[in-house]
Structures are given as C-alpha cells and as structure tokens.
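**Student:** got a predicted structure plus its sequence, pasted below:
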Amino acid sequence: MNPPSGKTQFICQNCGNHSVKWMGKCPACGEWNTLIEEKVQKIKTPMFSGGNTFITEATRPIALSQIEESAQERMATPDEELNRVLGGGIVAGSLVLIGGEPGIGKSTLMLQLALSLPHKLIFYVSGEESLQQVKMRASRIGDNKNPLSDHCFIYMETNLNAILDQIEIVLPELIIIDSIQTLWSPQMESSPGSVSQVRECTALLLRLAKSKNIPVFIIGHITKDGAIAGPKVLEHMVDTVLQFEGDRHYQYRILRTLKNRFGSSSELGIYEMQGEGLRQVPNPSEILISPRDESLSGISISAVMEGARVILLESQALVSPSVYGTPQRSSIGFDPRRMSMLLAVLEKKGGFRLGMQDVFLNITGGIRVEDPAIDLGLVVSILSSFLDIAISSKDCFTGEVGLSGEIRAVSRMEQRISEARKLGFERIFIPKSGQTLKNKGPFRVIEISKLDDLIRELFSN
Ligand code: TYD
Ligand code: MG
C-alpha cells in the first residue's frame with residue numbers, strides 16, 4: 001500500500017534517490033544512513049529541464065549555419081594556475097563549482113581571487129564565517145597593502161532571496177558563494193544542506209549567472225569518499241567542476257578540473273599553502289623532487305603528464321620481509337590494484353619473490369597519479385628497495401608496464417624528454433619507440449622494450 005502522496009519522502013543525501021519509506025542503506029548508491037525525510041513540495045519557481053538549458057528568450061530552432069559565433073569573453077586572473085584549470089580565464093556567465101574537504105583552503109583561494117582582480121566589483125557571500133573572520137583571513141593574505149579591497153563586498157547571509165536582492169542592488173561583476181551547503185531558499189521547506197535545497201539554490205544561481213552574464217563561483221563541501229555533497233545533479237548543472245585536494249599535512253594543494261564546458265577537463269593547478277595564503281607553484285617538479293642522499297634505495301623519479309604539463313615526481317617504495325602470515329600492501333597516491341598487478345608482473349616475468357614481502361608505495365607531495373607512465377618508475381623503486389640498490393638521482397623514468405612485462409609507449413614522449421633535460425637529469429628511460437634517439441650533450445635517452453632490459457641496465461653488475 002502506498003502512503004498518501006504529497007506528504008514526506010526520504011531522499012538520499014548522497015545520490016538524490018527518492019524512497020517512500022526510511023531505509024538504512026540507499027538502494028541506489030549503497031551508502032548507509034544517508035536517507036533524510038523531506039517534505040514533498042511543489043516548486044513555485046520554474047525549474048529547468050536538464051538543469052543546463054536556460055532560456056532567455058522565446059526559442060525556436062535555428063539552422064546551425066545561422067548561429068553567430070561569438071568569442072567567449074574571458075576574464076584572465078593574475079592567478080595562472082586558476083586560469084589554466086578554467087581553460088584560460090573566467091568565462092562570463094559561467095557557474096563554477098569548487099569542491100574540497102573542509103580546511104583545504106577553498107575560502108582562502110576564493111578570497112585571494114577576489115582581492116586580486118583589478119577593479120572588478122566582487123560580491124562574496126559568507127554563509128559560514130562572520131565578517132570578522134573573513135577580515136582576519138584577508139589581513140593574513142595581505143589585504144592591508146591591497147587597494148582592491150574597496151571593490152570586494154562581503155555579505156554574511158544564508159537566505160538566497162536576500163542574497164539575490166542585494167545582487168540586484170550591488171550589480172557585481174563576480175559572485176562567490178561560500179558555501180552552497182549553507183544557503184536556503186524560502187521556497188523550499190527542507191533544511192539548508194539538504195539535497196532539495198542545494199539543488200534549488202544552485203538552479204537559482206544558474207539562472208542568475210546566465211541571465212545577468214555574471215560568473216558565479218560556488219564552494220561546495222565534499223563527503224569523506226570524495227564526492228561533492230548533494231546529488232550528482234549538481235555537477236550536471238554547473239559549467240565547470242574544480243576539485244581542491246591535497247593532504248592537510250602537506251603544504252601542497254592541487255586544483256583539478258573534473259568537468260569543464262569551456263576547456264580541457266584534465267588540467268591541474270598546484271599551490272603551496274603558506275602563512276600568507278596560497279602561493280602559485282609554476283614549476284612543480286622543482287619542489288616535488290627533494291635533494292637526496294645518493295645511497296638511499298627505494299626512490300626513483302618519474303616523468304608523468306598531469307593535464308597538458310609534464311611533472312617530474314618522486315616515488316618511494318619499501319619492500320621488506322613480512323613478519324605476519326599475510327603480507328601487507330599499501331600505496332599512497334597510486335591505485336592499489338595496479339600496484340598488485342605490477343608486483344605480479346615482477347614475480348612472474350622478473351622472477352622476483354615478492355609474494356612474502358610487505359610492500360609500501362608512496363608518491364611524494366600528496367599527489368595522486370593516474371598517468372600509467374608512472375609504472376616504470378614504480379617498478380624501479382620497488383626493485384631498488386627489494387635488492388637494496390640505489391638509483392642515481394640523475395635518472396628518470398617514464399613508461400607503462402604491460403601484463404607480459406613489456407614496456408609500452410606513452411603519450412607526448414618529446415615533451416617528457418625535454419622537461420627531464422631541462423631539469424638537469426642525465427638519463428631518461430623510455431619505451432622503445434623506433435624513432436631516432438634524442439641524445440644531446442651528456443643527456444642520454446635509453447630505450448627499453450622489456451622488464452629484462454631494465455633489470456640488466458640498472459640492477460645487474
Ligand atoms: P580555509 O580557506 O578556511 O579552508 P576551507 O574553506 O576549504 O575550509 O583554509 C583553512 C586552512 O588553511 C587553515 O587550516 C589555515 C590554513 N591557512 C594557512 O595556512 N595560511 C593562510 O594564509 C590561510 C588564510 C589559511
Ligand atoms: Mg571555508
């Protein structure tokens with residue numbers, strides 16, 4: 001029997017799935033304790049069909065050839081890292097969602113942006129912090145010397161209607177919402193932070209952005225497992241999704257593009273959190289590779305692509321005999337399943353008895369790497385630790401390791417090689433390519449086609 005309609009329903013706060021009765025586990029996404037009772041309500045404001053189709057005038061179909069091409073207006077910011085992840089600057093009328101764990105630096109990043117834009121009128125909505133707290137942060141990042149703080153208005157409010165009214169009066173050129181989970185629209189009866197509220201407030205902000213052609217940045221918290229809180233639908237509504245990540249114990253922060261209607265979605269910006277706010281890191285390799293003792297084993301450098309950039313970073317491995325029955329395996333910054341695969345390849349194709357060894361892997365700097373070209377470097381670190389043979393700090397590696405121990409080609413080899421040379425490496429190990437070798441001066445490019453070649457080159461003497 002169905003309950004009388006129009007009363008309440010239970011909505012999963014993780015995926016937005018509806019249910020008529022409470023359940024401990026959401027049947028759609030499998031999360032526990034995420035179903036919250038919310039009133040079923042008719043929404044008074046018009047909602048948009050797909051979330052992204054905002055209609056400003058009576059529409060009719062237009063032949064593609066008749067549509068005028070308009071150059072996208074972009075506002076370049078002094079922050080090169082932010083420009084990069086946005087695809088070259090802030091697009092007029094775009095809605096950008098910035099997700100990240102609490103304390104990672106989202107508010108700092110946005111306040112710095114607000115204080116750095118030359119003579120733009122900024123409207124910063126602070127729903128989480130008092131005016132004094134925002135002021136304290138601003139002084140910390142040095143607004144006392146900043147003449148632009150006259151152009152930055154801070155509004156401590158969570159009622160979206162009041163916010164929209166003030167925006168009508170102030171007519172800002174950029175709006176920052178800190179954070180979407182604190183906003184509420186009086187049109188909805190559910191509490192702030194609930195799926196319905198988050199969705200409704202985002203829809204209204206989307207309408208504002210598109211109708212007034214003002215860019216809007218929305219800060220959103222992410223849940224423990226890394227998803228942006230609230231339903232997936234939020235990600236579909238906005239133009240760009242940026243994720244601010246990094247370990248709170250490291251000072252590096254990574255701003256990653258997850259979705260971008262106006263540019264590549266695989267870009268990356270790197271910052272360092274300092275006492276006076278976030279500093280851009282234009283050349284990440286220099287800080288990700290620490291000067292090291294040549295005699296330490298278990299360390300190697302890999303050239304990986306992050307977005308359109310080559311980054312050289314250090315991977316460390318510790319391989320030691322397991323004291324317990326089941327060997328421990330752990331990896332930080334790298335997919336553990338892929339690590340198991342690499343270990344199996346080393347065992348089967350290289351003949352190394354790693355089955356009874358504990359293996360720990362770590363990519364330094366708190367970076368999470370998805371480029372498979374890091375495989376080769378990881379294999380080298382693992383073997384270096386296992387055999388206790390140190391790798392020269394002038395060597396670097398790039399290449400994917402296949403299941404039969406072959407070293408597979410990876411993209412943008414030229415770029416990787418030239419970056420390694422620029423940073424003063426003396427040798428780079430790459431997959432066999434069939435092209436002519438690019439040795440220049442003391443710099444050597446060493447091509448390897450199988451694991452055996454690598455072992456012969458580095459670990460046999
Ligand atoms: P914050 O921007 O408040 O994080 P979020 O909005 O994502 O929750 O930044 C919080 C952390 O950053 C806090 O632990 C203090 C640190 N921090 C600095 O180290 N230096 C600074 O200049 C600022 C402003 C913050
Ligand atoms: Mg904050």
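**Tutor:** Great, that's in hand. Ligands and ions are numbered 1, 2, ... in the order given.

**Student:** list the contacts for residue 262?
**Tutor:** Neighbour list for residue 262: 72, 86, 87, 88, 91, 94, 239, 240 [criterion: CB atoms under 8 Å, 6 or more residues apart in numbering]. From N, CA and C alone the C-beta is placed, and that goes for glycine too.

**Student:** which element is it on?
**Tutor:** For residue 262, there is no enclosing helix or strand under DSSP states H and E.

**Student:** can you tell me the distance between the two ends of stretch 173-193?
**Tutor:** 26 Å (CA to CA, to the nearest Å).

**Student:** what do you get for stretch 135-149?
**Tutor:** Stretch 135-149 has an end-to-end distance of 10 Å (CA to CA).

**Student:** close to ligand 1: what parts of the stretch 151-300 of the chain are there?
**Tutor:** Contact residues (CB under 6 Å from any ligand atom) of the stretch 151-300 of the chain with ligand 1: 273, 275, 276, 277.

**Student:** out of the contacts of residue 262, which comes closest to residue 459?
**Tutor:** Nearest to residue 459 out of these is residue 87 (CB to CB; 43.7 Å).

**Student:** with just CA atoms, put the top helix by length along the chain into PDB.
**Tutor:** The longest helix of the chain (DSSP state H) is helix 195-212. Extracted as PDB, the C-alpha positions of helix 195-212 are listed here (Å, rounded to 0.1, in the frame of the first residue of the first chain):
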ATOM      1  CA  VAL A 195      19.600  17.800  -1.500                       C
ATOM      2  CA  SER A 196      16.400  19.700  -2.400                       C
ATOM      3  CA  GLN A 197      17.800  23.000  -1.000                       C
ATOM      4  CA  VAL A 198      21.200  22.600  -2.600                       C
ATOM      5  CA  ARG A 199      19.600  21.800  -5.900                       C
ATOM      6  CA  GLU A 200      17.100  24.600  -5.800                       C
ATOM      7  CA  CYS A 201      19.700  27.200  -4.700                       C
ATOM      8  CA  THR A 202      22.100  26.100  -7.500                       C
ATOM      9  CA  ALA A 203      19.300  26.300 -10.100                       C
ATOM     10  CA  LEU A 204      18.500  29.900  -9.000                       C
ATOM     11  CA  LEU A 205      22.200  30.800  -9.100                       C
ATOM     12  CA  LEU A 206      22.500  29.300 -12.500                       C
ATOM     13  CA  ARG A 207      19.600  31.400 -13.700                       C
ATOM     14  CA  LEU A 208      21.300  34.500 -12.200                       C
ATOM     15  CA  ALA A 209      24.600  33.700 -13.900                       C
ATOM     16  CA  LYS A 210      23.100  33.100 -17.300                       C
ATOM     17  CA  SER A 211      20.600  36.000 -17.300                       C
ATOM     18  CA  LYS A 212      23.000  38.600 -16.000                       C
END
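
**Student:** picking up where we left off before, quick check: the farthest pair among the residues of the stretch 151-300 of the chain next to ligand 1?
**Tutor:** 273 and 276, at 9.9 Å, using CB to CB across those.

**Student:** more neighbours: the two, which one.
**Tutor:** Neighbours were counted for residue 273 and for residue 276 using other CB atoms under 10 Å; residue 273 has more, 18 against 11.

**Student:** right, and the secondary structure at that one would be what?
**Tutor:** Three-state assignment for residue 273 (DSSP: H, G, I helix; E, B strand; the rest coil): strand.

**Student:** identify the residue nearest it in space, chain neighbours excluded?
**Tutor:** Distance criterion CB to CB, 6 or more residues apart in numbering; nearest residue to residue 273, sequence neighbours excluded, is residue 251 at 4.9 Å.

**Student:** enumerate the residues of the stretch 1-150 of the chain near ligand 1.
**Tutor:** 100, 102, 103, 104, 105, 106, 107, 108, 137, 140, 141.

**Student:** now do the contacts for whichever residue of the stretch 151-300 of the chain sits closest to ligand 1.
**Tutor:** At 4.0 Å from ligand 1, residue 277 is the closest residue in the stretch 151-300 of the chain, using CB to the nearest ligand atom. Residues in contact with residue 277 (CB under 8 Å, 6+ apart) are 108, 112, 140, 141, 142.

**Student:** looks like residue 318 contacts residue 297 (just checking).
**Tutor:** No - contact between residue 318 and residue 297 fails when scored by CB atoms under 8 Å: they sit 9.5 Å apart.

**Student:** what touches both of the two?
**Tutor:** Contact criterion CB under 8 Å, 6+ apart; residues bridging residue 318 and residue 297 by contacting each: residue 385.
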